[in-house]
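Undergrad: Sharing a model prediction with you, sequence too.
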Amino acid sequence: DAGITQSPRHKVTETGTPVTLRCHQTENHRYMYWYRQDPGHGLRLIHYSYGVKDTDKGEVSDGYSVSRSKTEDFLLTLESATSSQTSVYFCATSGQGARAFFGQGTRLTVV
Amino acid sequence: KNQVEQSPQSLIILEGKNCTLQCNYTVSPFSNLRWYKQDTGRGPVSLTIMTFSENTKSNGRYTATLDADTKQSSLHITASQLSDSASYICVVSEGSNYQLIWGAGTKLIIKP
């Protein structure tokens, strides 16, 4: 597995609170992605980054923001968590090739 | 609308048997098609990547096929093992490396 670490691995938070998920890579990959995975759905892209401070929206970006201040780290922030954001979140990276490497996932529950 | 559809949704087979999973897509422009294996509680892991010109690609007991004309792909697993129990996800890249369209996956269960 590529060196991708997500933190935290599990989190329970209350509706309306801000939440930040962290993705850290040691592969020096240019591209980083945040996905969410829900039962019956494929992985859906939230935001992605194509370089330091270069980010763009994915398919389901509403309610989420991201930041990438250095190559290794890509942060996903839920400004005000809602129950519909209860999901498993995956971070992924890719370099020059087409292959993407995934982190272990973060299970977020918003109560 | 770009979509990737997989069938069956779930499949149970006995250890040692073969199986084939299907993927149909309507993604355009097409860049490449990937199959991932996702074990429960873990991130997806790449099995194969195929471009437009590739019809078949193997990775051990996994063989993927691609028919770009009919926009269909299949993943064939030979001599299944208990460790093959996982979700298998078909992903199509829309013209660039970061525009990935994901299928919902096929959940495969191998029984002894």
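TA: That came through fine. No experiment lies behind these values; they were computed from the predicted model shown.

Undergrad: Lowest mean pLDDT among the helices and strands of chain A, which one is it?
TA: Every helix and strand of chain A was ranked by mean pLDDT, DSSP states H and E. The lowest is strand A:100-102, at a mean of 85.

Undergrad: Residue A:10 against residue A:106, yeah?
TA: Yes - the pair residue A:10 and residue A:106 qualifies as a contact (CB atoms under 8 Å) at a distance of 7.2 Å. C-beta coordinates here come from the backbone N, C-alpha and C atoms, glycine included.

Undergrad: which of those two has more neighbours?
TA: In terms of neighbours (other CB atoms under 10 Å in any protein chain shown), residue A:106 is the more surrounded of residue A:10 and residue A:106; the figures are 23 against 10.

Undergrad: how far away is that one from chain B?
TA: From residue A:106 across to chain B, the span is 10 Å (CB to the nearest CB, to the nearest Å).

Undergrad: tell me which parts of chain A are close to chain B?
TA: Contacts of chain A with chain B, taken as CB under 8 Å from any CB of the partner chain, map to A:1, A:4, A:31, A:33, A:40-45, A:48, A:50, A:90, A:92, A:94, A:98-105.

Undergrad: rerun at 6 Å
TA: Listed as neighbours of chain B in chain A under the rule CB under 6 Å from any CB of the partner chain: A:31, A:41, A:42, A:43, A:48, A:90, A:98, A:99, A:102, A:103, A:104, A:105.

Undergrad: separation between the third one and residue A:107?
TA: Right, residue A:42. 18 Å (CB to CB, to the nearest Å).

Undergrad: Could you give the number of residues near the residue nearest to residue A:50 when sequence neighbours are not counted?
TA: Once flanking residues are discounted, residue A:50 sits nearest to residue A:31: 5.7 Å by CB to CB, 6 or more residues apart in numbering or on different chains. Using other CB under 10 Å, residue A:31 is surrounded by 18 other residues.

Undergrad: Out of the residues of chain A next to chain B, which sit inside strands?
TA: If you go by DSSP state E, the residues of chain A next to chain B have A:31, A:48, A:90, A:102 in strands.

Undergrad: name the element the nearest residue to the second one once chain neighbours are set aside belongs to?
TA: Right, the one you point to is residue A:48. Excluding its sequence neighbours, the residue lying closest to residue A:48 (CB to CB, 6+ apart) is residue A:33, at 4.4 Å. Secondary structure from DSSP states H and E places residue A:33 in strand A:31-37.
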